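Visitor: prediction below, plus the sequence it came from.
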Amino acid sequence: MALDDLITWMERFVSGEAVSPADANRLEELLLESASELPGREDLADDLAQYGRGDYLHDFEYMKPRVAHHLAVLRARLLS
């Protein structure tokens, strides 16, 4: 269930539906508890922890492709 939640939150973030700092915090929590095998998850979680503390739009433009990449990696892993 937690992995399904992680994928849903990643999709919502990438689509722009859930991009507030609170949403990023929830995504960070799910990432740390659900995707222990995902390469680079700690770096992504660290970036999400900093999300919204600077220029909000710049932060989103930086994080969107990173989250999209990790979502693609996670989906590929699930399909294999």
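Guide: Ah, there it is. All of these numbers come straight from a predicted model, not from anything done at the bench. Numbers count the residues shown, from 1 in each chain.
Visitor: and residue 29, what element?
Guide: In the assignment (DSSP states H and E), residue 29 maps to helix 21-34.
Visitor: check which helices and strands that helix sits against.
Guide: With contacts taken as 3 or more CB pairs under 8 Å, 6 or more residues apart in numbering; DSSP states H and E, helix 21-34 sits against helix 2-15, helix 41-50, helix 56-79. Yep, even glycine has a C-beta here, placed from its N, CA and C like the rest.
Visitor: same list (those helices) but as a markdown table, adding mean pLDDT.
Guide: Below are the helices and strands packed on helix 21-34 laid out as a markdown table (pLDDT from 0 to 100):
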| stretch | mean pLDDT |
| --- | --- |
| helix 2-15 | 92 |
| helix 41-50 | 87 |
| helix 56-79 | 88 |
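Visitor: what's the closest of these to residue 24?
Guide: helix 41-50 (4.8 Å; CB to CB).
Visitor: what's the helix holding residue 29 in contact with?
Guide: Helix 21-34 is contacted from outside by 2-3, 5-6, 9-10, 12-13, 18, 38, 41, 44-45, 48-49, 51-53, 56, 63, 67, using CB atoms under 8 Å, 6 or more residues apart in numbering.
Visitor: still on that earlier bit, dump the helices and strands packed on helix 21-34 to CSV, plus mean neighbour count.
Guide: Compiled in CSV, the helices and strands packed on helix 21-34 are given as follows (neighbours: other CB atoms under 10 Å):
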stretch, mean neighbour count
helix 2-15, 17
helix 41-50, 16
helix 56-79, 14
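Visitor: how about a markdown table for those, with distance to residue 27 added?
Guide: As requested, the helices and strands packed on helix 21-34 are arranged in a markdown table below (distance: least, CB to CB, whole Å):
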| stretch | distance to residue 27 |
| --- | --- |
| helix 2-15 | 5 |
| helix 41-50 | 6 |
| helix 56-79 | 7 |
